[in-house]
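>>> Using only what follows, build the 3D model:
(4 chains)
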Amino acid sequence: MSKIAVTVDGRTYQVELELFGRSGTELIARVNGEPVRVLAPELGGNLEAMGWIVVDDRPYEIAFDPDLHWLRSARGLHRLEARDVEALDARPRNGDGRVKAPIPGQITRVLVSVGQAVAAGEPLLVLEAMKMENEIRASRAGVVAAVHVSAGRGVARNELLTEIN
Amino acid sequence: MSKIAVTVDGRTYQVELELFGRSGTELIARVNGEPVRVLAPELGGNLEAMGWIVVDDRPYEIAFDPDLHWLRSARGLHRLEARDVEALDARPRNGDGRVKAPIPGQITRVLVSVGQAVAAGEPLLVLEAMKMENEIRASRAGVVAAVHVSAGRGVARNELLTEIN
Amino acid sequence: MFRKMLIANRGEIAVRIERTCREMGIQTVALYEAADRRSLHVRLADECVPLNSPQGFLDGQAILEIAQAKGVDAIHPGYGYLAEEASFIRACNEADIVFIGPPAVVVERVRHKIDTLRRARAAGFPTVEYAPTIFDADDLAGDDGRALHEAVAHLGYPVVIKSCSGGRGRGERLVWSADRLLEAARRAQAEAQAVYGNRRVYLERAILPAHQVGVQIVADEYGRLIHLGEREGSVQYGSRKVIEEAPAPCLTQPQREHLWQTALDLARLFEYQNVGTVEFLVDGSGQFYFTEFKARIQVEHPLTEMVAQVDLVREQLRLAAGEPLTLEQAGVQLKGWGVLAHVNAEDPWQRFLPGPGRLQRVRLPGGPGVRVDSYVYSGCDVPAAYDPLVAKLVAWAADRPQTVERLRRALAETVLVGTPVNLSLLRRILGTPEVAAGTYTTEFLARPLPDEEQPESYWRDLAVTAAVLYVRRNQAFHPAVPERTLSGWHQDSRRLPQ
Amino acid sequence: MFRKMLIANRGEIAVRIERTCREMGIQTVALYEAADRRSLHVRLADECVPLNSPQGFLDGQAILEIAQAKGVDAIHPGYGYLAEEASFIRACNEADIVFIGPPAVVVERVRHKIDTLRRARAAGFPTVEYAPTIFDADDLAGDDGRALHEAVAHLGYPVVIKSCSGGRGRGERLVWSADRLLEAARRAQAEAQAVYGNRRVYLERAILPAHQVGVQIVADEYGRLIHLGEREGSVQYGSRKVIEEAPAPCLTQPQREHLWQTALDLARLFEYQNVGTVEFLVDGSGQFYFTEFKARIQVEHPLTEMVAQVDLVREQLRLAAGEPLTLEQAGVQLKGWGVLAHVNAEDPWQRFLPGPGRLQRVRLPGGPGVRVDSYVYSGCDVPAAYDPLVAKLVAWAADRPQTVERLRRALAETVLVGTPVNLSLLRRILGTPEVAAGTYTTEFLARPLPDEEQPESYWRDLAVTAAVLYVRRNQAFHPAVPERTLSGWHQDSRRLPQ
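Okay, here's the model as predicted:
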């Protein structure tokens, strides 16, 4: 039996369920103590294949990121937080000051230099992709510790662009 | 370099090509000695993923069975025979007298019994699937050597139904 | 209007009904059997409930219990199954649930096919010739079919054996001679039992060659009645329609208008209500013969929706809710041409063997003038237990030649990989001179189809493709093992090939 | 008619053109850059040729060489890229290849936006206020934009900076105050360069709030000219249209008819030929102001195809082949209502960051009154190098409320998994009172959208879903490793989180 605290767009629920050793795809879970029936048809396959779930006869087509930071249904995209309430290590993650390319593209301009103080949300670079210029902004306030790219440079997704201390 | 004799719906071609060790997806082949350019984009993945090929700039969307007995394009389903002309073992396969269920379903009637002589094409059993009654016929003339199912029995795909000697 | 509707059907028609419900703000409850749980109709519903009954969608009792547990105020039967079962309609009424379709009394008036023919004939309408006997299982078991042969004696061969529950060509058999009669009747009964849960059949004199034409009727309970033109479904194999179109190319405009008027008169004679079709056979001279009413939405209804620009399921719901008909005959404009193809999971080159399985790749066509009604998508299953219809492709264009070309285009861009499908047969049918000219009859597919001409480069390119696949397969899976031992056939073999 | 056509474009518009070509029996040659080779337009063509040029689809020379090597007799430019390049049209003519679009002389008459405005105004037509200066790169680099500021002085803020090559909102910037002017102009230039290969921009006085309305024109080379009604594209974010519809809900019927007549008069003034759009801004009082000609097929053309039941690409081809216009104004009946949604691979909640990647799951909507134009399918790529438009969903129904509900239904059944998409934004926009009433203006999306109300059960069900995913993930991938160390973020980390 796992006890998971789940927050969906700010609403928190305590969910109890048992998946270990189950061969079937139907199970009973408890949400804040109330039982709900769950049918998770693709539970046997790999996690990404799970695009559909039925909770108390209500079907949902879903997509989610591997880290479970978000979950998408036909009605919208929602922020998730999930943690095992009985696990020892349940610290929330901290963002660090490393700024990475969110999409592949080309750096068209670098707007800051090393040693410069930046405010949270301040533009750091401009990245062109899909014919659009996208400002890459500081995720937090600090001082620019490193700039790893220059204008004209093509970058891959997740490539480190700048660091803020 | 492989030399393959390919017959498509009765038309036979000699194809020479080299796939070993290639990392790219473009190659030059020879058909009856004439060079053709081939772009096989999914060549790196598993074979079933290969649904598209370009030959001399002409794109084809294809499907095929794992045994390469048939190949389907948008223009039709075609019978295939392919063999390595330099391989030692190039005997064609023989069909045997074993009759298997071509689809899952339920046997509604058995029309023959052991010891009965049957002509090629004669109905042996009736199998119901998708609300349709389907006659299973003898693939060749002979004598019924065994009947492995009875009316009312559900059968899986490829389950052995009868044998003809 | 309704708040919540249970759909007592599956597959493409359940999806079709869900779409209109969603547009009208009506919640939907879908039903599914285990093998069908990956179908689209289960995913698009607001709620989905497993149906655990050996009779499946024919089990009115089980379905009504689910409907009551879910608190629905309406049930849509789709086509087939419970669509024309007066007892089920009455059970719905008693449970205070609206049945989407004609009232029970109307269904009772038109469901008995022989009575319907008799009444139409008595009122002076031209009908097909029929034998006034119904054959249940027992009629065949006892006397080697004497009653059957006697019935044919009054008609003469060829005859058609038809299901009393009728529809979609299932349980229908054409018989040319006495020696095939009994076996054909048994087959028709077995199929009728499987499809409709009712093995009763009757006999009609076959009209050959013929055209099968139905006139779409819409009627409210206050006596307002209009038609939405006709459809022709004469391109058939194994008595099942495979290509249909609207308008019917077999009719001249005066014949067409005469047929519409006859259908309206017949609907008035039977005091028909809700959406339905009056069916006719048309012979080579343009003479037509009434055959039956279809008291439900039909598979091919999208054709009418496209040429008349009307949502027939919305009309069904409105009329069943007691609303008056707001369409007026003068306001209905039939425009352009529609052609529909039944895409079936079956292998036309293997005697139409059905092909259940998983569809690994699905790509349905789009663009101008193309509509797709389907329950499949990439990664879904085609269950073995149901009709092989996986998708209806409908093309519309301003004139018939453009429409045929558009449907050919739509077929060419359709990808369905994982089960056998009849796409290439549909393609060849649409390429024939008979379809191009619109001169086909119900006999058309009894003749072999001409082979399609392909350029030499096509065969050469496929040979190259096959060679690439061959080398790639041997390389990746088993570089050292002789090819001969690798097929599934040999791996599970109990003796070696001779 | 043509034998073989090269399509000098990609994505959904290339697919759109291939569809009509196939229906007309014209062979097609598709072009693709490496990242784009899995797109549908490459698969549906008869031939596909890699385009290896650093300028890509802007390289008229490279494209013409391929066209000649392949022996085509026509080139269709789609929209954007070479669609309104008179020099390319002339090069085609010299190579004896028909360019699908207006002749070079017509494009030259209407492509220079300021000259066009001047000529229309001189002939007495109402136009937007504009500054008669074109800003090329050098005008901005040198003098810190003094010329720019002078140009605005005659207009007053707010102004719109527009690309001289125009279209699709790209390279357009709205500026409210002098301190943002120079940066905005630079951005507009950079974007215009990226999209059109030409960084020239000019200034118009902004009309706010406004409606953006275009009248579809079809004209032959013999002086026959008709309109096919108007479209409104006022629901915009970042100057890009996201929801469009036909007819324009902002107009009364007399205003609409006045607008049509004005558009026809303008088309006659410029002796327009082939298919095109006359664009207007409409202010709050229904006054309209001519802005420009679009001398090409437009992204939103399916709206007109649905309400007028005309194939505009077929008309383009027929007219470019020198055939006379066969449609007559009296025979054109505009019926019902169409609404179109631009489905983009971008994240509206992350400042519309584009989202290239692989679409693992694609399920496009179908059923009555829904049309999809797209280049995607399950397993395809959304390349980073192009416009984020992945699909156009168009709904048609007899009236506007039904059409809006139908489009909402179509959106609800659309599945696109693998890249961020704007589906939920589209859903929310279509749920607003402004869209329901048809009263939105170009300012509409500048205000925050209201949150959608969801029932409590929805949040609870998603929490259960998330818990199942959480347990399942930890179980399957790494039962012993703490969850914190597993994300991609930490695995490639060079230092541990603080």
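>>> does the longest helix seen in chain C come close to chain D?
With secondary structure taken from DSSP state H, chain C has its longest helix at helix C:456-477. No: for helix C:456-477 and chain D, the contact criterion (CB under 8 Å from any CB of the partner chain) is not met; the two come no nearer than 10.8 Å. All C-beta spots, glycine's among them, are computed from the backbone N, C-alpha and C.
>>> Quick check: mean pLDDT of that helix?
For helix C:456-477, the mean pLDDT works out to 87.
>>> near chain C, which residues of chain A?
A:39, A:41, A:52, A:54, A:57-59, A:61.
>>> from the residues you listed, which single one is nearest residue B:103?
Among these, residue A:41 lies closest to residue B:103 (CB to CB), at 23.0 Å.
>>> Could you find the residue nearest the spatial middle of chain A?
Taking CA atoms, centre = their mean, the centroid of chain A lies closest to residue A:69, which sits 3.1 Å from it.
>>> would you turn the residues of chain A next to chain C into JSON lines with distance to residue C:249, pLDDT and neighbour count?
Shown next, in JSON lines, are these (distance: CB to CB, whole Å; pLDDT from 0 to 100; neighbours: other CB atoms under 10 Å in any protein chain shown):
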{"residue": "A:39", "distance to residue C:249": "48", "pLDDT": "91", "neighbour count": "19"}
{"residue": "A:41", "distance to residue C:249": "45", "pLDDT": "76", "neighbour count": "17"}
{"residue": "A:52", "distance to residue C:249": "43", "pLDDT": "91", "neighbour count": "18"}
{"residue": "A:54", "distance to residue C:249": "46", "pLDDT": "95", "neighbour count": "24"}
{"residue": "A:57", "distance to residue C:249": "47", "pLDDT": "96", "neighbour count": "18"}
{"residue": "A:58", "distance to residue C:249": "47", "pLDDT": "97", "neighbour count": "17"}
{"residue": "A:59", "distance to residue C:249": "42", "pLDDT": "96", "neighbour count": "22"}
{"residue": "A:61", "distance to residue C:249": "41", "pLDDT": "95", "neighbour count": "18"}
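>>> Of those residues, which belong to helices?
Under the assignment DSSP H, those contribute nothing to helices.
>>> Restricted to strands, list those.
Among these, DSSP state E puts A:39, A:52, A:54, A:58-59, A:61 in strands.
>>> In contact with the residue nearest to residue C:421 when sequence neighbours are not counted, which residues?
The shortest distance from residue C:421 to any non-neighbouring residue, by CB to CB, 6 or more residues apart in numbering or on different chains, is to residue C:345 (5.7 Å). Counting by CB atoms under 8 Å, 6 or more residues apart in numbering or on different chains, residue C:345 touches B:130, C:354-357, C:382, C:388, C:390, C:416, C:419-421.
>>> same check, this time on residue C:198
C:163-165, C:192.
>>> before we move on, what about residue C:112?
Shown in contact with residue C:112 (CB under 8 Å, 6+ apart): residue C:164.
>>> And it, how far from chain A?
38 Å (CB to the nearest CB, to the nearest Å).
>>> quick one, phi psi at that residue?
Note on residue C:112: its backbone torsions stand at phi -80, psi 110 [degrees, to the nearest 10].
>>> Equivalent analysis for residue A:108, please.
Torsion angles, degrees, to the nearest 10, at residue A:108: phi -100, psi -30.
>>> So what's the residue count around it?
16 (other CB atoms under 10 Å in any protein chain shown).
>>> Hmm, it is touching residue A:128, no?
Yes: judged on CB atoms under 8 Å, residue A:108 makes contact with residue A:128 at a distance of 4.8 Å.
>>> For chain A, give me the ranges with low pLDDT.
Across chain A, the ranges flagged by pLDDT under 70 are A:20-24, A:43-45, A:87-96.
>>> Okay, and the beta partners of the closest residue to residue C:46 other than its chain neighbours?
Leaving aside its chain neighbours, residue C:46 sits nearest to residue C:27 (4.6 Å; criterion: CB to CB, 6+ apart). In this structure, residue C:27 bridges to residue C:4 when assessed by DSSP bridges.
>>> so who does residue C:27 touch?
Taking CB under 8 Å, 6+ apart as the test, what residue C:27 contacts is C:3-5, C:21, C:46-47.
>>> Ignoring the adjacent residues along the chain, who's closest to the residue nearest to the centre of chain A?
residue A:80 (6.1 Å).
>>> The one you found: how many residues sit nearby?
Around residue A:80 there are 21 residues (other CB under 10 Å).
>>> And the contacts of the one helix or strand it maps to?
Assigned by DSSP states H and E, residue A:80 falls within strand A:76-84. For strand A:76-84, contacts defined as CB under 8 Å, 6+ apart pick out A:2-10, A:64, A:68-72, A:90, A:92, D:349, D:424, D:427-428, D:452, D:462, D:466-467, D:469-470, D:474, D:483.
>>> Note down every partner strand of it and its orientation.
strand A:2-8 (antiparallel), strand A:70-73 (antiparallel).
>>> Could you say which one of those comes nearest to residue D:173?
Proximity to residue D:173 (CB to CB) singles out strand A:70-73 among those, at 31.2 Å.
>>> quick one: that closest one to chain centroid distance?
Counting by CA atoms, centre = their mean, to the nearest Å, strand A:70-73 is centred 10 Å from the centre of its parent chain.
>>> any chance you could map the strands in the stretch 151-300 of chain C?
C:159-163, C:173-175, C:201-205, C:211-219, C:225-237, C:240-246, C:274-282, C:288-294 (DSSP state E, counting those that start in this stretch).
>>> Is residue C:89 in contact with residue C:101, as I believe?
Yes: using CB under 8 Å, residue C:89 is in contact with residue C:101, at 7.1 Å.
>>> Which pLDDT value belongs to residue C:493?
For residue C:493, the predicted pLDDT is 27.
>>> and the closest residue to residue C:237 other than its chain neighbours, what does it touch?
Ranked by CB to CB, 6+ apart and with sequence neighbours excluded, the top spatial neighbour of residue C:237 is residue C:445, at 4.7 Å. Applying CB under 8 Å, 6+ apart to residue C:445 gives the contacts C:235-237, C:242, C:429.
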